[in-house]
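K.L.:
no sequence for this one, just the structure:
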Ligand code: SF4
Ligand code: SF4
């Protein structure tokens, strides 16, 4: 089960730079995680300042 970015995202971009496999990109109004690429490492969730990423 891949990690998911919720509506609490403020599009700061911090998570995208930390993802080891480049699974995070800027979407429409918030950032999004490509479920097929995510390896469930949890790094992005620990990085997000608003707690927007759930795993
Ligand atoms: S859990 Fe890890 S692999 Fe998945 S999007 Fe977050 S940083 Fe990337
Ligand atoms: S770190 Fe959190 S608030 Fe920033 S872009 Fe990623 S999900 Fe959105």
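P.N.:
Everything's here; your move. Keep in mind the model is a prediction, meaning the values are calculated, not measured. Ligands and ions are numbered 1, 2, ... in the order given.
K.L.:
drop to CA atoms for contacts and neighbour counts, all remaining ones
P.N.:
OK.
K.L.:
What parts of the chain come near ligand 1?
P.N.:
Near ligand 1, the residues belonging to the chain are 3, 19-21, 23-24, 33, 38-44 when assessed by C-alpha under 6 Å from any ligand atom.
K.L.:
make it 5 Å
P.N.:
With C-alpha under 5 Å from any ligand atom as the criterion, the chain meets ligand 1 at residues 19, 38-44.
K.L.:
Show me which of the residues you listed are buried.
P.N.:
Buried residues within the residues of the chain next to ligand 1, defined by neighbour count using 16 or more other C-alpha atoms under 10 Å: 19, 38, 44.
K.L.:
how about the nearest residue to the last one, chain neighbours excluded?
P.N.:
Residue nearest to residue 44 in three dimensions, not counting chain neighbours: residue 15, with 4.8 Å by C-alpha to C-alpha, 6 or more residues apart in numbering.
K.L.:
my guess is the one you found contacts residue 48, does it?
P.N.:
Yes: with contact taken as C-alpha atoms under 8 Å, residue 15 and residue 48 are classed as touching, separated by 6.1 Å.
K.L.:
Helices of this protein, start to end?
P.N.:
14-18, 43-47 (DSSP state H).
K.L.:
Mind putting those helices into TSV with mean pLDDT?
P.N.:
TSV is the format used below for those (pLDDT from 0 to 100):
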stretch	mean pLDDT
helix 14-18	98
helix 43-47	98
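K.L.:
of the ones you listed, which approaches ligand 2 most closely?
P.N.:
helix 14-18 (4.1 Å; C-alpha to the nearest ligand atom).
K.L.:
Which residues does that closest one contact?
P.N.:
22-25, 43-45, 47-48 (C-alpha atoms under 8 Å, 6 or more residues apart in numbering).
K.L.:
Closest one of these to residue 7?
P.N.:
Nearest to residue 7 among those, counting by C-alpha to C-alpha, is residue 48 at 12.6 Å.
K.L.:
In contact with the closest one, which residues?
P.N.:
Per C-alpha under 8 Å, 6+ apart, neighbours of residue 48: 14-15.
K.L.:
and residue 24, what is it in contact with?
P.N.:
So residue 24 contacts 15-16, 31-34 (C-alpha under 8 Å, 6+ apart).
K.L.:
Now, of those, which are buried?
P.N.:
15-16, 31-33.
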